[in-house]
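K.L.:
Would you be able to build a 3D model of this:
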Amino acid sequence: MNRPHAHGPQVEPSLIPQEGWHCTHIYYSLDRVRLSRLESDARSRGREELQQILDPEGENAPVQMQSFVVSGHKADFGLMLLDPDPLRIDAVHQAIMSSGLGTCLQPSYSFVSLTEVSEYVPTLQQYADRLVDEGEEAGSPSYEAKVNAYKTREPAMRKQRLTPDLVSWPAMCFYPMNKKRQTGENWFREPLVHRRRMMAEHAKSGMEFAGRVTQLITVGVGLDDWEWGVTLWAKNPEFLKDIVYRMRFDEASARYAEFGPFYVGYLAAAAEILDHCRVS
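P.N.:
The predicted model follows:
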């Protein structure tokens, strides 16, 4: 659930986006040697402290915060944090590193971005024009029904992109990506109408997984090394494989996409993460 800031310092207005939220994905690995040197009481206090820091309902928590166990060697656990104030997000990281377990944690990856409504999300008129291009007759009952349905859902769709409610489906995957700028495959030199057509095809592929996978795309342009971050949530990890495999055959992906590292994890509260990572 989205919630306002009830406590904590005032947000500096110049740091708040005109629309949307700041977003940070950050991943941590445990230093087992240092952890083994902590006395039992210190580990117990560190556990309690970390659970307080990662409480999504905590006094100083960001508007949205999810934590998850990470599979593989790239990290042990990760966080996804969203808030109008980027310093409230960063304060979580600083609190973790300053905690009793902070000396035993190594940040292994992060991605800083902003939520956005993509230029490829069609306006009502663009959607109506696309229906005609796809063979619908303007003014027909079918055409009017589809236009009215889109008109109804468009505001909620845009709100979800800018100030999202994060789903609690168990499997989660994050990866950064760019669009190519190579000779003959320069996304940014393609006409807008062509880019919109390719992204419409891409979106249609994603819709095949409605009810099984949902996503949030955030923009890292000017903020991080990659242009976009893609976060996927699925009801089963198999669906993560299925949707990425399917969508890579779309022209927008097959010809123009460059992918960074993939991080897959499973939603878990702080206590569950610590238990899973054998921090006791």
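K.L.:
what residue is smack in the middle of the protein?
P.N.:
Residue closest to the average C-alpha location in the chain (C-alpha atoms, centre = their mean): T231, at 3.6 Å.
K.L.:
All the strands of the stretch 51-200 of the chain, residue numbers only.
P.N.:
With DSSP state E, counting those that start in this stretch applied, the stretch 51-200 of the chain shows strands at 64-70, 77-83, 105-115, 171-179, 181-182, 185-186, listed in chain order.
K.L.:
between those strands, which gets nearest to L240?
P.N.:
Relative to L240, the nearest member of those by C-beta to C-beta is strand 171-179, separated by 4.8 Å. Quick note: C-beta positions are derived from backbone N, CA and C, even for glycine.
K.L.:
could you measure E144 against G135, distance?
P.N.:
Plainly put, E144 is 15 Å away from G135 if you go by C-beta to C-beta, to the nearest Å.
K.L.:
Just put the strands of the stretch 51-200 of the chain in TSV and tack on mean neighbour count.
P.N.:
Compiled in TSV, these are given as follows (neighbours: other C-beta atoms under 10 Å):
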stretch	mean neighbour count
strand 64-70	22
strand 77-83	24
strand 105-115	19
strand 171-179	21
strand 181-182	11
strand 185-186	12
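K.L.:
Need those strands in TSV (columns: distance to L216).
P.N.:
Shown next, in TSV, are the strands of the stretch 51-200 of the chain (distance: least, C-beta to C-beta, whole Å):
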stretch	distance to L216
strand 64-70	10
strand 77-83	9
strand 105-115	7
strand 171-179	10
strand 181-182	25
strand 185-186	26
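K.L.:
can I get the ones you listed in a markdown table with distance to Y150 and mean pLDDT?
P.N.:
Converted to a markdown table, these look like this (distance: least, C-beta to C-beta, whole Å; pLDDT from 0 to 100):
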| stretch | distance to Y150 | mean pLDDT |
| --- | --- | --- |
| strand 64-70 | 27 | 98 |
| strand 77-83 | 26 | 98 |
| strand 105-115 | 21 | 98 |
| strand 171-179 | 26 | 97 |
| strand 181-182 | 33 | 92 |
| strand 185-186 | 31 | 94 |
